[in-house]
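Peer 1: I'd like to go over a predicted model; first the sequence, then the structure.
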Amino acid sequence: MSQKYDFPKSFWIANVTELFERAAYYSMASFVVIYLGQLGLGDYWPSTLNGILWTLVYFLPVLSGTIADQIGFKRSLIIAFVLLVAGYFMMSYPVFVSGRSLNPVIEKELTAGIDVILPVIVAILLIGIGGSFVKPCISGTVQKTASGKATLAFAIFYMVINIGSLTGRGVAYYVRTNSSLTYIFVVAAVCSVVALLVVLSLYNDPEKELGIKNDKPRKSIKEILVNMVLVLKNVRFALFLLVSSGFFFLYAQVYNVLPLYLKKTIETNPPVDIYTMANPFVIVFFQLLITRLFGKMKPIRSIIVGIIIISLSMVINVIPLFIEGGVYRDVFSILPLGSLFIVMTVALIAFGELFASARTYEYIGALAPKGQEGLFLGYANLPMAIGALLGGPVGAAIFNEIMCKDSVKLENGLLKLNPESAIKGWLILMLIGFASTVSMYFYNKWIEKQKTDIS
């Protein structure tokens, strides 16, 4: 019998845990800005808070990963899922406990009181901190249990992430359509409870299971901060963070601009969870093909191709504006034309992700000074954190101040956009991506010139 899939128990349990954690997160991720808008947080706070949530999840692993190394992965995962369950509960608190009702239409002004704002802020912090512990623990377990089969191990891990994403979205769709939007947080909490039970009953630290002595020196918080300064003082790396964050700025709009565009201008009750399934579907079905066809492409070229794809994914949304019936035109009695193009946007973003995301780690590894590759790769998620932090408020500004300029409110509450303003908004998003592409190209030229000068 082939030993191809002969991984230790902790590897498989970690993947099961990841499946439920991703199911929890993506059951609610597509609706966060809509939910917060319906709670009365206005035009800007929903996207800003959503951006902060994503920033915490992608920035804090720098700290939480070190804490997890010190106290053990199992303890860290228990802490993480307790925080996540509490965070998802607090997200639903304004409706289920305070009795706040969701406004069918998202209004411009902030009308929510402290009874809404405080629980939401606490929820953002709890989910962000909890999620930041899960990432280093699960990926760390996969790495430690790969047993010389890292490529296969991480391929399985990546597949599980996307299966969890599809599962969470599908279950959330069924639950919310048979109850109400707030129940997506119940789905998230239940998935997190299941993950917690899996960790408590089945998971063991990989060192304990494999009998490996952990001789890795433990870092103090002071050492972490010193390393952070060391990494960010590296001009080449700091510039890379800036030029690559444009990709992740546009990626963040899947959870900021796109849901708002659907909810406020196309459909009164859009199935955003179903539409955004296009992302994991593309990754699951095309990951192997893209790797086979373009795996030998230089990392920088692959990243640039990815940024170009994600840039073009934004501008295709101008096409319905030139067609009779516009974004509201019915497509085979299934969905409006504008929604179809949003699905196509999400799918194209996934293709861009296939070209750019994984190769970013490879490029950072090559950028790092010799012997410090591991240290620099620990900060590989910073472009995502920067993109998310800026993507929330800036995305909201582009949508509200540019796309929706001179729009007319219809009887059903939707905004009929001025085509000229809408086109301008999508073009700006595309140009942000193109600016990132050009910056990346010249940045790489500068890096190559430095290498030539040194040699």
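Peer 2: Received the coordinates, thanks.

Peer 1: For the rest of this, base every contact and every neighbour count on C-alpha atoms.
Peer 2: Noted.

Peer 1: per-residue confidence averaged over stretch 295-308?
Peer 2: The average pLDDT for stretch 295-308 rounds to 90.

Peer 1: Could I get the buried residue list for that stretch?
Peer 2: For stretch 295-308, burial by neighbour count (16 or more other C-alpha atoms under 10 Å) applies to 299, 300, 301, 302, 303, 304, 305, 306, 307, 308.

Peer 1: For the lengthiest helix in the chain, buried residues please.
Peer 2: What stands out as the longest helix in the chain, according to DSSP state H, is helix 419-454. Neighbour-count burial for helix 419-454, counted by 16+ other C-alpha under 10 Å, picks out 419, 421-437, 439-441, 443-444.

Peer 1: Just the C-alphas of stretch 391-407, formatted as CSV.
Peer 2: The C-alpha trace of stretch 391-407 is given here as CSV (Å, rounded to 0.1, in the frame of the first residue of the first chain):
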residue,chain,number,x,y,z
GLY,A,391,-9.5,48.7,1.6
GLY,A,392,-12.3,49.1,4.1
PRO,A,393,-12.6,52.9,4.4
VAL,A,394,-11.2,53.8,0.9
GLY,A,395,-13.4,51.2,-0.8
ALA,A,396,-16.4,52.7,1.0
ALA,A,397,-15.4,56.2,-0.1
ILE,A,398,-15.1,55.1,-3.7
PHE,A,399,-18.5,53.4,-3.6
ASN,A,400,-20.4,56.1,-1.7
GLU,A,401,-18.7,59.3,-3.0
ILE,A,402,-18.0,58.3,-6.6
MET,A,403,-20.1,55.4,-7.8
CYS,A,404,-23.2,56.6,-6.0
LYS,A,405,-22.8,60.2,-6.9
ASP,A,406,-26.0,61.7,-8.5
SER,A,407,-27.8,58.4,-8.0
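
Peer 1: now the strands: where do they sit in the stretch 101-250 of the chain?
Peer 2: For the stretch 101-250 of the chain, no strands are identified by DSSP state E, counting those that start in this stretch.

Peer 1: Can you report how many residues lie near residue 159?
Peer 2: Close neighbours of residue 159, defined as other C-alpha atoms under 10 Å, add up to 18.

Peer 1: Might you report the residue contacts of it?
Peer 2: Contact analysis of residue 159 by C-alpha atoms under 8 Å, 6 or more residues apart in numbering lists residue 284.

Peer 1: Relative to residue 165, how far out is it?
Peer 2: Residue 159 is 10 Å from residue 165, where distance means C-alpha to C-alpha, to the nearest Å.

Peer 1: Which helix or strand in the protein has the lowest average pLDDT?
Peer 2: Across the helices and strands of the chain, the lowest-confidence element by mean pLDDT, DSSP states H and E is helix 373-377, at a mean of 70.

Peer 1: which element follows it toward the C-terminus?
Peer 2: Note on helix 373-377: by DSSP states H and E, the next helix or strand toward the C-terminus is helix 382-397.

Peer 1: got a list of contacts for that next one?
Peer 2: Helix 382-397 is contacted from outside by 43-45, 47-52, 54-59, 241-242, 244-250, 252-253, 256-257, using C-alpha under 8 Å, 6+ apart.
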